[in-house]
Structures are given as C-alpha cells and as structure tokens.
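Chemist: Sequence below, structure please.
(2 chains)
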Amino acid sequence: MQHVMVVEDDGMMAATLAKGITEDGYRVTSCGTAADALQVASLDPPNLVVLDIGLPDRSGLDVLRSLRSRQCLTPVIILTARDAVRDRVKGLDAGADDYLVKPFAFAELLARIRARLRRPETPDATLLRVDELTIDVLNRRVMRGNHEITLTAQEFALLRYLVDNVGKTVSRDMIARDVWRIESRATPLDNVIDVHISHLRAKVDRGFDKELIQTVWGVGFSLKGDE
Amino acid sequence: MKTPLRLRLFLWLVALLVLFVTLQFAIFGIIEFRAWLHHPEETLRDHLMEAVTGVGWDLALLPLLIGVAWWISRRMIHPIQTITRAADTICSGHFENRISTGDMPDDEMRRMATTINSAFDYYRDAVERLRRFSGDASHQLRTPLAVMQSVGEVALSRDRNPGEYRQALANMLEEVRRMSRVTEQLLRLARLERTEIRTSFVPLAMGQVVQRAAAIFQPLCDEKKVTLRVDTINDLQVCGHEDLLIEMLANLLDNALRLTPIHGEILIKAEREDGGHVLVTVADTGPGIAPELAERVFELFGQVPGTRQAGAGLGLAIVAAIAKVHGGQAELNSRHTRGAVFHVRLPMYFSSNSLAIDIRTGTPYLPARSE
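Modeler: Just a heads-up that it's a prediction; the model follows:
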C-alpha cells in the first residue's frame, strides 16, 4: 500500500484529509509541524507528500526545500490559500509537483494524488470500455451495447473525461478546467456544465435500467464503473 | 519645527534689506571719498557725513521696510497655513470639508490646494467603496453561513436516516460552493486591480474569442429555448489574455441568459468601430435595465434587477474590471428601452504596432492610436 504523508497543522483539516485519503486506498501519516514532517520523511519515507504552506514552526516551503536538498524526489502536492501567480511560482521553484488552492474539492485532491502516483502505463488505449459502454477514441464513436450514441464534440470530451475518471467523482471546477480548458474558477460555467451533463445523460442512460452517469450531490458527477 | 518657514522668509528679507543699506553706504562712501580726492580743500569728514545723511534716510525707513517684510512673509505663507489647517480638519474626520480655493489667486498655491482637494476626493471615494465593500461582502458571506448553520443544527437535532443526513451534507456543500464562488470572484477583482497581468497579453483575434464564448453557451441557450445570434467579422485583433476575455464574455452571456425570457434572443456581436476600437455588444430581449441604474450595475454587488436566481452581483463588476485592464471600458447602453444592451470597447491591435513599455511599471502596453 502506498504511503502518503499529510503535513497540515489545522486539526480538523488534517483529520479529514487523513480519513479521505485512507479511504481511497493509501496508508496515511499526519504531521502537524515541519519538524515532525522532516522526521517522518527520513524514518518512513512516503511515496507522496501533501503539504500545507502555513505551518506553526516553519514554512511548508522550507520543508519542501530541505526534502529536495536531501535528494528526495517524492512527489509533493502543495495546499495553500494563496494562489497569486507569484506564490505558485515560489512553490514550483521550491520543487513542488502540484499546487492546489484552498478551498478545493476533495475529489480533485484524490485525482491529483492518483495522477502523481500512477505507474507508467501502456500508451493510451484507443478503445475504452466501461460496463456496456464502448468508446472508440480515434473515430469518436460511442456505443452502449449495440446501440450507437451520437454525441457533440463537447459531449464526447466530457464523456471521455468521466470515463478517464471512472468510479471517481469529478467536480464542476475540474470539468471546467480539464474539459472546457477554463482555468478561472470565477467564470460562470456551472449551468453550462449541468446542461451538458443532462444531455449526456439523456443520450447515454435513457432507456437503460442502469444509470451510468451519477450526480454526487454537492460535489459533482461520476461515471459508475463495473462492480 | 525648528524655525518656522515664515520666520525664515522674514529674516531673509531683513538680511536683504540690511545688505542693501550696507552696500548703499559703501557706494556713497566711495563716491564721497573720490569727490574728496578731487577737492582736497574740503574735509573728509564733511564728505563722509554726506554719505551718512544719504543712507540715514534709508535707516529711518528701515523699520517701515522691516514691517513690510513681515507683512510679505505673512502673506506668502498664509495659504500654506490655510491648507494645513483645512487638511488637519479633514484628517481629523471631517471628510466632507475641503480647502477653500475661492479667494486664492490663480497661482501655484491654488493649484496645490486643488491637487490636495482632489486627492482627498479620491481617498474619500476609496474609503467609501471599501466601507460599502466590507459591508456587502460580509453580507454575501453571511447568508450561506446562516444556511449552513441551520442545515447542520436541524440535521443533528434528532436521529435521522442516512438519506436525510446525506441530503443535509449535500445542502451544506451547495452553500460552500456558493461561498467559494464569491471568494473566487472577489480575489479575481482584487487581482484585476493590479496591472501585472498585462505582461501576459498577446495579440488575439476577437472574433474567434467571441465565437468560442458563444459556443460554450450555445447548449445552455438551446436548453432555455433562447436563440443565440453570433455576429463577428475576421480581422479584429486585440491585445489581451484569452481566458480573461472569455471570462468577461461568459459573465455577459450569463447575465443576458438570466434576463432573457423563454423564446427570447441574445445577440453577441464584435465589430470594428471608428477610433481604433473593437466594439463587442451583448444584447438581450429581456425587460431591460432602467437608465438610472446604468452606472450601478457595474459596481460591486450591484444586482441587476429582474435577474432570475440572482448571483452575488459580482459578474458585471468583473466584466468592467477585465475591460479596464485591457485598456477598454464596459457600458450599459441605456437608450434602449427593449432589452439590455451591453457594450465593451477594446483598443484594436494593429499588427504594425509595436508594444511600448510603461516606464513606471515596466509592463508592455499598446500605445493608443487611431486609424
């Protein structure tokens, strides 16, 4: 089981992070201070670090720099409430692999952790299958069972994204960024995304007993995988 | 204050007078001395007495001249004292007071007083905006907080089944999303105040940006049975940040969709305008916005009346801020009685233009230029 170290001084946040990440199938160690974090890093080296910037003893960036100065190449995901470009650059300069701005959707954190820990895979498959859904990536054809589904380009991209994250929840912010390529979370896209989801649902699920596209209330959407 | 300016000015004037009298005495002395050399039969003493008598008049007048010097120094410094007193009063909390410039002659002092007055105007407005902003922002955040508190308390007030708990948590998350959205928008606005973002500007085809934004909203318009008409031409180059411009158009379209009834129509248009501008228009067939609200809709938390499911009232403020950072401006065309018509004017980019560098901020910008 892969080991994730969570460095976060806020008790409630740390407990929630530990719980959520454990439930996604990792072993989690929590540290509340920079000193603890460095100790754990040398005694029980993690596969990935989730690092808060504001720690009581030293800055999270200091922790990151000491890790990197010891030739430790463990992926590090920074959590912070600051997201000015300058802050991002500082974090990435210090050797962070990824940068997540508070408040974030938990689904997004889990997706980033998975992305960082994903083992090198076979090249992207051209034929994706989920349940009775088949997606021919090259020809942009989608079949459910023997029934062909016609999608617009945007609907196809959205379905593809849900399939890539099958079994996991994706938030509207993630969809806006990864499917619509709109980075700013201030752009009013929620209604746009909801309409696409409802169109997609009408085309993919209508007339079938099993609903593949699920709404996760208050969080986002997920595509139900094989059970 | 070691030596007041007024005293120093007075002393300089007095010193000048003394120097003048001394020089005069010296010159008279030399003249009389030379006269004596030509007429050695007269006594030197008589000649020198002539010089003393000549300067004696000066000495007699000296107190009067010193008095005049005192009066001049007072008069020169008086406006400064007036300005200082007025500024002190304003600083002590009387923000509506201003330095009265009515009786000042049109000179440097008056110009200084006018400049100081406009600085006070600026800061009064800024303080006023800040005050309103903190009030509005707290209010905006209070509402979702109240919902979350109630939902949480009610959910925990007795044992419930898992479905009810799930529903309660989902409702709380919905409010969290609302708060996050407001926070994101406020941060966006704060960042647009700074102009560093201009360093990332590149030449863009505005027609394509408009088409991209329209394509994003097309399915939503279809769903709401609203016709979206897109009217652009090629060759409308602007210099900007594509994501920001999309965000600006998305806010305008989002607003238009809120205003437009079913089977209505939204027009998004980009065209060339005289004076080297690209004019982007977003018009809807909703109830329109009263002319007296035309200014207010772009203000923070300035709700557009009649919008269904009102947002936080930050969208149009973001539109105005994005237009501004691009060197343009947003306005509501209030002459129309049918529907709301929003215009955004952006400076056109000519490929022959080279970017100039703002020497104060070091950021590149497009020099204004007309065709």
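
Chemist: which residues sit against the longest helix that chain A contains?
Modeler: Counting by DSSP state H, the longest helix found in chain A is helix A:190-204. Residues outside helix A:190-204 that contact it (Cβ atoms under 8 Å, 6 or more residues apart in numbering or on different chains) are A:133, A:142, A:144, A:149-152, A:154-155, A:158-159, A:172, A:175-176, A:180, A:211-213, A:215, A:221, B:216-217, B:219-220, B:223, B:254, B:257. The C-beta positions use only the backbone N, C-alpha and C, and glycine is treated the same way.

Chemist: With stretch A:42-52 instead?
Modeler: By Cβ under 8 Å, 6+ apart, stretch A:42-52 touches A:2-10, A:13, A:17, A:21, A:29, A:37, A:40-41, A:60, A:63-64, A:67, A:70, A:72, A:74-80, A:96, A:109, A:113, A:116-117.

Chemist: go with 6 Å
Modeler: A:2-8, A:60, A:74-79, A:116-117 (Cβ atoms under 6 Å, 6 or more residues apart in numbering or on different chains).

Chemist: For residue A:162, give me its contacts.
Modeler: residue A:223.

Chemist: With only the CA atoms kept, save the helix or strand hosting it in PDB.
Modeler: In the assignment (DSSP states H and E), residue A:162 maps to helix A:153-164. In PDB, the C-alpha atoms belonging to helix A:153-164 read as follows (Å, rounded to 0.1, in the frame of the first residue of the first chain):
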ATOM      1  CA  ALA A 153     -17.700  17.200 -29.700                       C
ATOM      2  CA  GLN A 154     -18.100  18.800 -26.300                       C
ATOM      3  CA  GLU A 155     -20.300  16.000 -25.000                       C
ATOM      4  CA  PHE A 156     -17.700  13.500 -26.300                       C
ATOM      5  CA  ALA A 157     -14.900  15.300 -24.500                       C
ATOM      6  CA  LEU A 158     -17.000  15.300 -21.300                       C
ATOM      7  CA  LEU A 159     -17.800  11.600 -21.500                       C
ATOM      8  CA  ARG A 160     -14.200  10.800 -22.200                       C
ATOM      9  CA  TYR A 161     -13.200  12.700 -19.100                       C
ATOM     10  CA  LEU A 162     -15.800  10.900 -17.000                       C
ATOM     11  CA  VAL A 163     -14.500   7.600 -18.400                       C
ATOM     12  CA  ASP A 164     -10.900   8.500 -17.600                       C
END
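
Chemist: pLDDT on whatever helix or strand comes next after that helix, on average?
Modeler: Beyond helix A:153-164 on the C-terminal side, the first helix or strand identified by DSSP H and E is strand A:169-171. Strand A:169-171 carries an average pLDDT of 90.

Chemist: Can you see whether strand A:169-171 contacts chain B, counting any residue in it?
Modeler: No. Counting by Cβ under 6 Å from any Cβ of the partner chain, chain B is not contacted by strand A:169-171; separation bottoms out at 8.9 Å.

Chemist: Which elements pack onto that strand?
Modeler: Applying 3 or more Cβ pairs under 6 Å, 6 or more residues apart in numbering or on different chains; DSSP states H and E, one finds that strand A:169-171 makes contact with helix A:106-117, strand A:220-223.

Chemist: Where does pLDDT dip in chain A?
Modeler: Residue ranges of chain A with pLDDT under 70: A:84-85, A:119-124, A:227.

Chemist: Swap in 80 and give it another go.
Modeler: When residues are selected by pLDDT under 80, those of chain A lie in A:82-89, A:118-125, A:185, A:218, A:225-227.

Chemist: Return the backbone torsion pair for the residue in it sticking out farthest from the centre.
Modeler: The C-alpha centroid of chain A is most remote from residue A:146, which lies 32.3 Å away (Cα atoms, centre = their mean). The phi/psi pair for residue A:146 (degrees, to the nearest 10) reads phi -100, psi 10.
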